[in-house]
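Chemist: Okay, here's the prediction I keep looking at, along with the sequence it came from:
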Amino acid sequence: MEGIVFYIIAIITIIASLRMVMGRNAVHSAIWLVLVFFCFGGFYVILQAEFVAAVQVIVYAGAIMVLFLFVIMLLRVDRAEELLSRHRIQRWVGVILGIALLSGIGVTVMVNILPGQLGSKSLEETVIKAGGNTQAVAEALFTDYLLPFEATSVLLLAAIVGAVVLAKQKREEKED
């Protein structure tokens, strides 16, 4: 059953990512990217990494995509624009680089995956039995990495306060 769900999500991911890359409207491409992020969350659920799936959906499909849409709306690139003929060389360079990328992926799959090499298990079986992936991440985050976690929250708070102060100064300059 897992295999069937994986292949369904994989097909949806491939179609959505192709629509995202080949779309001419930036807003539509951003919406397709949201679907790709949700599909990645589905992959993480299949891999039994529920915490990573939740973070994927909340952070990327939620916060990052809202930021992308704000930038798209701010820059007014929401309408389709035709490619200019003077950039034909970029198409050929893109095609060559795409072929090189697919070749590299193909060689990697043939060398590492097809012979049946398995990766090493990084989590101990006792940690997984004790509470699963989410509990292991939470214990590591709030014991070993508590100081960086709190420093990140202070840094984000400072960035928010700085953005508000700058926006207020800019607004006051416009009013004068």
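Modeler: Perfect, thanks for sending it.

Chemist: Low-confidence stretches in the chain?
Modeler: 75-87, 113-133, 176 (pLDDT under 70).

Chemist: Do a quick rundown of the helices in it.
Modeler: Here the chain has its helices, by DSSP state H, at 2-22, 26-46, 50-55, 65-75, 88-108, 125-143, 146-175.

Chemist: With mean neighbour count added, can I get the ones you listed in TSV?
Modeler: In short, each C-beta sits where N, CA and C put it, glycine included. Formatted as TSV, those follow (neighbours: other Cβ atoms under 10 Å):
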stretch	mean neighbour count
helix 2-22	13
helix 26-46	18
helix 50-55	16
helix 65-75	13
helix 88-108	10
helix 125-143	12
helix 146-175	10
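
Chemist: ok, Met20 to Thr13 distance?
Modeler: Per Cβ to Cβ, to the nearest Å, Met20 is found 10 Å from Thr13.

Chemist: Give me the common contacts of the two.
Modeler: Val36 (Cβ atoms under 8 Å, 6 or more residues apart in numbering).

Chemist: In contact with Val21, which residues?
Modeler: Counting by Cβ under 8 Å, 6+ apart, Val21 touches Ser29.

Chemist: swap the cut-off to 6 Å and go again
Modeler: With contact set as Cβ atoms under 6 Å, 6 or more residues apart in numbering, Val21 has no partners.

Chemist: repeat for Gln48
Modeler: Applying Cβ under 6 Å, 6+ apart to Gln48 gives no contacts.

Chemist: can you give me phi and psi for it?
Modeler: Note on Gln48: backbone dihedrals following degrees, to the nearest 10 are phi 60, psi 40.

Chemist: Next: Ala49.
Modeler: phi -110, psi 70.

Chemist: Tell me how many other residues crowd it.
Modeler: Other residues near Ala49 number 18, with proximity taken as other Cβ atoms under 10 Å.

Chemist: ok, now Asn25?
Modeler: When neighbours are counted by other Cβ under 10 Å, Asn25 registers 14.

Chemist: Fine by me, we can end here.
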